[in-house]
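Student: how would this look folded up:
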Amino acid sequence: MTKFIIFLIFLFTVAGCATKDSSSIVGEKSTQDRFGNAIISPLNDLNIVQTAIPPVIQDALKSPYQIPDDHSCEALAVQIHQLDLALGDDLDAIALHKEKTMAEKSGEFIQDEAIGSVERTISGFIPFRSWIRKLTGAERHSKEINAAIAAGIVHRAFLKGIGQEHGCEPPAAPLKPVVPVSLATSEELPLPQE
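Tutor: Below you'll find the model as predicted:
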């Protein structure tokens, strides 16, 4: 029991030193931020540390299909930029990124596995983790975050659709039509015979 109390004191100390950037919930994070989040994941499970939902995402959650009062191209670009900061790149921007080399992919894989291993190990210290998450409200907060992310993504797409309809240039409209990779590389499929 003493080891568990010492471990909790260590986690509280790390949590006090860790700074959570509430401006982004799913955007690109550094390895150091991801490692810090993995270390304090038990505090998330106990609902002591919560990820804050940025205001721009909270607004999108209230009404994802709300047409903004000012739907000029400049105003749409500002709103979409704020959503990009909170959510990370949109699909049209991701499609433009260059293909990563095998070394870059391998490095990311190793980082992901190392951080995942740390998080699984630390979370394994909490007995009956799923029940604790439910009892402390951490599970409900995770669902709220997922709903907010979905609403933010829908709202950004809706705003880009408005921008495209008004003839705006990116970022107030999509960069280019996004074609799924599987469709872009496949040949025309024959129509079924009746």
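Student: which intervals of the chain have sub-threshold pLDDT?
Tutor: Applying pLDDT under 70 to the chain flags the ranges 1-32, 35, 38-39, 94-98, 122-125, 176-194.
Student: neighbours of L61, how many?
Tutor: 18 (other CB atoms under 10 Å). C-beta here means a position set from N, CA and C on the backbone, and glycine is covered the same way.
Student: in stretch 60-78, what's buried?
Tutor: By 16 or more other CB atoms under 10 Å, the buried positions in stretch 60-78 come out as A60, L61, P64, H71, C73, A75, L76, A77.
Student: contacting residues around that stretch?
Tutor: Stretch 60-78 is contacted from outside by 53, 79, 83, 147-148, 151-152, 154-156, 158-160, 162-163, 166, 168-169, 171-172, using CB atoms under 8 Å, 6 or more residues apart in numbering.
Student: in this structure, which spans are helices?
Tutor: 2-17, 31-39, 41-45, 55-62, 73-87, 91-96, 102-123, 129-136, 138-165, 181-185 (DSSP state H).
Student: out of those, deepest packed?
Tutor: Stretch with highest mean neighbour count among the helices of the chain: helix 41-45 (a mean of 20; mean count of other CB atoms under 10 Å).
Student: for that helix, packing partners?
Tutor: When contacts are defined as 3 or more CB pairs under 8 Å, 6 or more residues apart in numbering; DSSP states H and E, helix 41-45 sits against helix 2-17, helix 102-123, helix 129-136.
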